[in-house]
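Trainee: Pasting a predicted model and its sequence here:
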Amino acid sequence: MRICRFDGDTGPQYGLIEDGTVFGMTGSPLQGDFERGPAAGALEAVTLLSPVVPGKVICVGRNYAAHIEEMGREALPEPLVFYKPPSSVIGPGAPIELLPEMGRVEHEAELAAVIGRRGRFISEADALEHVFGYTCANDVTDRDFQNGDKQWWRAKGYDTFCPVGPWIETDLDADNVAITCEVNGIPRQEARTGLMLFPVRRLIAFISRAITLEPGDLILTGTPAGVSPLADGDTVTVTIEGIGSLSSPVVFRDL
């Protein structure tokens, strides 16, 4: 299934995408108590929102060897885990905002796993049973703040710094799919998820040792090499094989 959220007649609601048409849904697909409703319109005619409203956005750094090399870092024996605030999440087509105080802001194309089943102390063998589906994400990062601050709350956490979408694909084997990023149509990042140092099942097992994972939580699984700066007027597009493309315009906001 392809599950989206869209701006319906009564506000945000979940939708089911079938053959280019969005059907409204009653209930929550993340809770398993949903039904397909009437057609809301053609996919290109509805306004898509972030496909999930996460309680937690859990991110992973240094998960692709080539990216570790380009950043001049070293691989770690365990996943490097950090948070982005849920307030940083935006949907497809919503703008990434650059503010006057920001420095070098870069894109980071990532596969995101959407948790669909609550759990703690999840084994690697059972980990994928807790995944509802997958979507595209962009872990937008201010490198100046990342290198200068002791914590990454600004570098990773500004409002609009976590584009997610365009929908959740529930029928995907995410072990080795292509992930790419383009800026203004020019390729910047290209890899396969099979190159991750810690695959999805390992990340879920590791993270759930410390915290309970809840339905709707997002796990961003790390970015491959090729990160580069964004500027006012750019359009950045993350594409993942078997899911689709997530495009975001970049705008400068002078306060």
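Mentor: Arrived safely, thanks for sending.

Trainee: so where do the helices sit in the stretch 51-200 of the chain?
Mentor: Assigned by DSSP state H, counting those that start in this stretch, the helices in the stretch 51-200 of the chain fall at 65-70, 143-148, 153-157, 200-207.

Trainee: L99: which of those is closest?
Mentor: helix 153-157 (10.4 Å; CB to CB). (C-beta placed from N, C-alpha, C; glycine too.)

Trainee: now for that closest one, which elements pack on it?
Mentor: strand 80-84, strand 141-142, helix 143-148 (3 or more CB pairs under 8 Å, 6 or more residues apart in numbering; DSSP states H and E).

Trainee: ok, now with 10 Å
Mentor: Packing contacts for helix 153-157, counted by 3 or more CB pairs under 10 Å, 6 or more residues apart in numbering; DSSP states H and E, involve strand 57-61, strand 80-84, strand 141-142, helix 143-148.

Trainee: So in that sheet, which strands flank the second one, and in what orientation?
Mentor: Which is strand 80-84. Using DSSP bridges, the strands paired with strand 80-84 in its sheet are strand 57-61 (antiparallel).

Trainee: what angle separates the partner strand from helix 200-207?
Mentor: Orientation note: strand 57-61 sits at an angle of 110 degrees relative to helix 200-207 (axes from the mean of the first three to the mean of the last three CA atoms, to 10 degrees).

Trainee: Run the chain-centre distance for strand 57-61.
Mentor: Remark: strand 57-61 is offset 9 Å from the chain centroid, using CA atoms, centre = their mean, to the nearest Å.

Trainee: could you dump the helices and strands packed on helix 153-157 to CSV with mean neighbour count?
Mentor: Listed next are the helices and strands packed on helix 153-157 as CSV, based on neighbours: other CB atoms under 10 Å:
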stretch, mean neighbour count
strand 57-61, 24
strand 80-84, 18
strand 141-142, 24
helix 143-148, 15
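
Trainee: Thanks again, I'm all set now.
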